[in-house]
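Visitor: kindly return the folded structure for what I paste below:
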Amino acid sequence: MPGLEADSSRLRTIDVETPVITNGTTHNNELEVLCRQLKTRVDNFLNTPTSDPLLKSVKSQVVVSLGVIEEALQRYRPEELSLSYNGGKDCLVLLILILASLSSSSSLKSSLPASASHTHSAAASHPFPRRLQALYIQPPLPFAEVDAFVEETSSTYHLDLTTSSEAMKPALTSYLREHASIRAVFVGTRRTDPHGAQLTFFDETDSDWPSFMRIHPVIDWHYREVWAFIRALRIPYCSLYDKGYTSLGGTDDTHPNPALRRGRGANQDADGQPFRPAYELLEDREERLGRDR
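Guide: Here you go, the predicted structure:
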């Protein structure tokens, strides 16, 4: 894809800046500093002219998603929100957009000096959080690469991460019992995912599930748009995606996508990898060909 460069290396491109110092006071809310950086990167992406139809489509998706996230930030206090996070591409895009949105949300009070922060409303009523609550529900047999990526990105993006090895329903039940303030959870489900076809931006859980609002800011994104955003902003991602995995579950039900297998005699390309990287897949309907369920 012209103009897009992959970066699956360690998280060196989104390091937090040195804390801002004004009048001898150190402003050490590292999450807010990071959010400001990401907001600038997202704004630069949106404001850079392009003739590429795919990037134009991504820009439209970003604007819609940012609107959904801002609505969530108006409805709920920071301590009432959490993120379902497993290190996958979709929730990674969602995480970046949430952090970028926090930087300019009219509901949050900035702790940074006016000259170094984005404009916040004088009516902002909630202090800027220092961590973003998140839940990682591990599959029964997790990939070591995924666990390592989740751990590293949790530190980089200042997540207050809870990890559970229970199945989804009991994991959510336990999590909400231990985090009684949470009323809504951001989820990176897309419409082409299992059970995603009928979802909207805001959906209450069904009556037989723990009660909370599910928020789906990237529900209408397409597979190619997810990867175009990740690569345009040079967001580091899990190394398994460079080995042909396109949808990440556990080691017992996840394989490299057969649609990305290199032709006979081409196995020495790309450092000997027999599969092309995930971002070269084009069709939504082929995304889960590497999943057994």
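Visitor: what ranges of this protein fall below the confidence cut-off?
Guide: 1-28, 113-124, 264-271 (pLDDT under 70).
Visitor: list the residues that contact the spatially most central residue of it.
Guide: Central residue of the chain (C-alpha atoms, centre = their mean): L92, 2.3 Å from the mean position. L92 makes contact with 153, 188, 230, 235, 237 under the criterion C-beta atoms under 8 Å, 6 or more residues apart in numbering. Where you see a C-beta, it was placed from the backbone N, CA and C, and this is true even at glycine.
Visitor: out of the residues you listed, which sit inside helices?
Guide: 153, 230 (DSSP state H).
Visitor: out of the contacts of L92, who's nearest N44?
Guide: Nearest to N44 out of those is I235 (C-beta to C-beta; 13.6 Å).
Visitor: surely the closest one touches L94?
Guide: No: taking contacts as C-beta atoms under 8 Å, I235 lies outside contact range of L94: 11.6 Å.
Visitor: which of the two has more neighbours?
Guide: L94 (26 against 21; other C-beta atoms under 10 Å).
Visitor: ok so the more buried one is a helix residue?
Guide: Yes: under DSSP: H, G, I helix; E, B strand; the rest coil, L94 falls within a helix.
Visitor: now it: how far from R177?
Guide: 25 Å (C-beta to C-beta, to the nearest Å).
Visitor: can you map out the strands along this structure?
Guide: 20-22, 25-27, 81-84, 108-109, 126-127, 132-137, 159-164, 184-186, 202-204, 213-215 (DSSP state E).
Visitor: could I get those as TSV with mean neighbour count and distance to I98?
Guide: Converted to TSV, these look like this (neighbours: other C-beta atoms under 10 Å; distance: least, C-beta to C-beta, whole Å):
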stretch	mean neighbour count	distance to I98
strand 20-22	14	22
strand 25-27	13	21
strand 81-84	23	7
strand 108-109	18	12
strand 126-127	14	15
strand 132-137	23	7
strand 159-164	18	11
strand 184-186	22	6
strand 202-204	14	15
strand 213-215	21	10
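Visitor: among these, which is nearest P258?
Guide: strand 132-137 (26.8 Å).
Visitor: remind me what that closest one packs against, helices and strands.
Guide: strand 81-84, helix 89-104, helix 144-156, strand 159-164, helix 168-178 (3 or more C-beta pairs under 8 Å, 6 or more residues apart in numbering; DSSP states H and E).
Visitor: that strand versus helix 144-156: what angle between them?
Guide: Inter-element angle recorded for strand 132-137 and helix 144-156: 170 degrees (by axes from the mean of the first three to the mean of the last three C-alpha atoms, to 10 degrees).
Visitor: relative to P127, how far out is the residue lying closest to H255 once chain neighbours are set aside?
Guide: Take H255 and drop its neighbours on the chain: the residue closest to it by C-beta to C-beta, 6 or more residues apart in numbering is G290, 4.7 Å away. The spacing between G290 and P127, counted by C-beta to C-beta, is 43 Å.
Visitor: next, the residue nearest to R293 when sequence neighbours are not counted: phi, psi?
Guide: Leaving aside its sequence neighbours, R293 sits nearest to D253 (C-beta to C-beta, 6+ apart; 5.4 Å). In terms of degrees, to the nearest 10, the main-chain angles of D253 are phi -140, psi 10.
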